[in-house]
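Colleague: Need the 3D shape of this:
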Amino acid sequence: MTKIVDLQQIKEVLKNIDPIQEIEDGFVEFSRGKVVVPPVGEMIFEDPPGEAHIKYGFIKNDDYYVIKIASGFYNNPKIGLPSYDGLMLLFNQKTGVLISILLDEGHLTNVRTAAAGAVVAKYLAPKKVHRIGIFGAGVQGRMQLEYLENIIDCKDVIVWGIDKQELDDYKKEMEKQDFKVETTMQSENVTSSCNFIVTCTPSTKPLIQVDQIEKGTHITAMGSDTPVKQELDAAILGKADRIVVDSIEQVQSRGESYHALKSGMIKKEDLIELGTIIPEKTLHRQSDDEITIADLTGVAVQDIQITKAVWKGIAPTE
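Modeller: A predicted model of the protein is given here:
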């Protein structure tokens, strides 16, 4: 019988899981060609603005396959609803039987996304991060900090946003977690003071310009997961010493790399996958002067890994 798992159960199981390691292992398997990931399915809505994504796939010779549906409707808070929703479907890879429906309400997508940011930091963050810059004061902006805390020894943060109340709420909440937080609505206040930056907004126009980027800066761009979204000036990628992506195939149709490829700022040969650099020390950050970019568009292997990990935490109790 199909097991339905609610968000409360999922959060309880997550306490005993290391999402960062699960996602890291998934990226390595993906770049070794052991994961089948069909093209992303998506629907973009204009009025009210929103989007729904369908990501799915399987690891070869594994026990499961996973289908994920996740949505984002950005005006929802105005009517008392969360911006995000979603679920994970876990199937038996040998029989096609639906094993479990995980009603995660988008939480597992947020977890696997934040964990991916931490994986990037392990291998590309400057040796000494003197300040962390976050673009986006929403749920992902909070979770990025929470997961980075496992990797980066820095509590000094500046967060950029477009809504003063949201920024104030962010500051109040994250300072309870012992972060020192400054808020701003000016992007240059972030770029001029930080050498580790994470962007996690749904912006459709660049928030950071090439002349704002200094030597030694790392940027993890998380928000551009459709062809129309863009957080970075494409010239930034042209200036970078290293461009790491989650999927070379996928970033040719979405993400920061898509815009840089389309404008001729970079070539496909300039890209390297995160799963390729993880096991190879010579591909990690090599100097404090390097400008490094990670372009993460979100790959189904992340959903596979986090769903499997949660199910394994639940299955022994069944």
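
Colleague: for the chain, what spans make up the helices?
Modeller: 7-14, 19-31, 107-124, 139-148, 164-175, 187-191, 234-239, 256-262, 274-277, 300-314 (DSSP state H).

Colleague: Tell me which of the ones you listed sits nearest to residue 131.
Modeller: Nearest of the helices of the chain to residue 131, taken as CB to CB: helix 187-191 at 8.8 Å. For glycine as for every other residue, the C-beta is placed from the backbone atoms N, C-alpha and C.

Colleague: Send me the closest one as CSV with only the CA atoms.
Modeller: C-alpha atoms of helix 187-191 as CSV (Å, rounded to 0.1, in the frame of the first residue of the first chain):
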residue,chain,number,x,y,z
SER,A,187,23.6,45.6,-4.4
GLU,A,188,26.9,47.4,-4.2
ASN,A,189,26.8,47.3,-0.4
VAL,A,190,26.9,43.5,-0.7
THR,A,191,29.5,43.2,-3.5
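
Colleague: Only the buried residues of that helix, if you could.
Modeller: Across helix 187-191, burial judged by 16 or more other CB atoms under 10 Å covers 187, 190, 191.

Colleague: For residue 183, see how far away the last one is.
Modeller: The span separating residue 191 from residue 183 equals 15 Å under the rule CB to CB, to the nearest Å.

Colleague: how about stretch 44-53: buried residues?
Modeller: 50, 51, 52, 53.

Colleague: Residue 315: neighbouring residues, count only.
Modeller: Using other CB atoms under 10 Å, residue 315 is surrounded by 11 other residues.

Colleague: Tell me the pLDDT of it.
Modeller: For residue 315, the pLDDT comes out at 84.

Colleague: now swap in residue 78 and tell me
Modeller: The model reports residue 78 with a pLDDT of 89.

Colleague: Contacts for the helix or strand of the chain with the lowest mean pLDDT next, please.
Modeller: Lowest mean confidence among the helices and strands of the chain (mean pLDDT, DSSP states H and E): strand 41-45, at a mean of 94. Residues outside strand 41-45 that contact it (CB atoms under 8 Å, 6 or more residues apart in numbering) are 50, 51, 52, 53, 54, 55, 56, 73, 226, 228.

Colleague: Same check on stretch 281-291?
Modeller: So stretch 281-291 is contacted by 123-128, 213, 215-218, 239-242, 272, 276-277, 292 (CB under 8 Å, 6+ apart).
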